[in-house]
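> Next come a sequence and a model predicted from it.
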Amino acid sequence: MMNQWHLAGTYFEACNCEAACPCVFLSAPTEGNCTVLIAWHISRGKFDEIALDGLNVALAVHAPGTMVATQWKTAVYVDDQASDAQKGALLKIFSGQAGGHPAVLASFVGEMLGVKSAPMHFQGKGKTRRLSIPGVAEAEIEALEGQNGQPVTIANHPLCVAPGEPATVARSQRLRFTDYGMDWQLSGRNGLMSDFAYQST
């Protein structure tokens, strides 16, 4: 019997492509490969009877070519405020074992580099999103301003982290990641942000 679960909150991603990222349209990444940090803040969540409110999860991804045509190397970071039961629930969801949209994302993973619990500081206010994992990652993006001061959005793109939600296009103020032999130091590149809602199928 499948576990019953649901998550809702906000997410953002920052990558090495020029804005807006061609990967979401199934095109080759700007530099031939993609390095992306994806961060989720869970406002409300439950896995069977385990509450997941207020927790954070992050995924570091390296794809050596077009993202839907290559296998990703990934590392997972789980909020160190999560209990053992909460961590187990989050890993089951974000590994794809519990079904739902995370299983679609997990289907692209070819190598799991590791899973770590870490302090995670997620901030989302107005046009900006930030994530800090001390000693590992710093990411900050700011939404681009479109016509009449409105956000620039992409809807119904085929490679999406948050299906059903228009993604606001952003540009990174910084993206730093150092772990598992990878070292990214970027700024002024693509970012996306939106709400998200996942559930068991």
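Looks like it came in fine.
> would you list every one of the helices in the chain?
Secondary structure of the chain, counting by DSSP state H: helices at 84-94, 101-106.
> Return the distance of the residue of the chain positioned farthest from its centre relative to L55.
With distances taken from the mean C-alpha point of the chain and given as C-alpha atoms, centre = their mean, the most distant residue is N148, at 28.8 Å. The spacing between N148 and L55, counted by C-beta to C-beta, to the nearest Å, is 37 Å. In short, each C-beta sits where N, CA and C put it, glycine included.
> quick one on the thing from earlier: quick check: the residue farthest from the centre of the chain vs I141, distance?
Noted for N148: a distance of 21 Å to I141, by C-beta to C-beta.
> Please enumerate the strands of the protein.
In the chain, the strands defined using DSSP state E lie at 5-15, 34-47, 50-51, 56-63, 72-79, 109-118, 121-125, 128-133, 137-143, 153-154, 167-179, 182-186, 190-199.
> partner residues bridging the spatially most central residue of the chain?
With the centre of the chain defined as its mean C-alpha position, the nearest residue by C-alpha atoms, centre = their mean is I38, 2.2 Å away. Applying DSSP bridges to I38 yields these beta-bridge partners: E13, L59.
> Now do the contacts for it.
With C-beta atoms under 8 Å, 6 or more residues apart in numbering as the criterion, the residues that contact I38 are 11-13, 58-61, 161.
> right, and V169 touches A20 too?
Yes: under the criterion of C-beta atoms under 8 Å, V169 lies in contact with A20, with a separation of 4.9 Å.
> any idea how far the nearest residue to F122 once chain neighbours are set aside lies from L113?
What sits nearest to F122 in space, not counting adjacent residues and going by C-beta to C-beta, 6 or more residues apart in numbering, is H41, at 4.4 Å. Taking C-beta to C-beta as the measure, H41 and L113 are separated by 23 Å.
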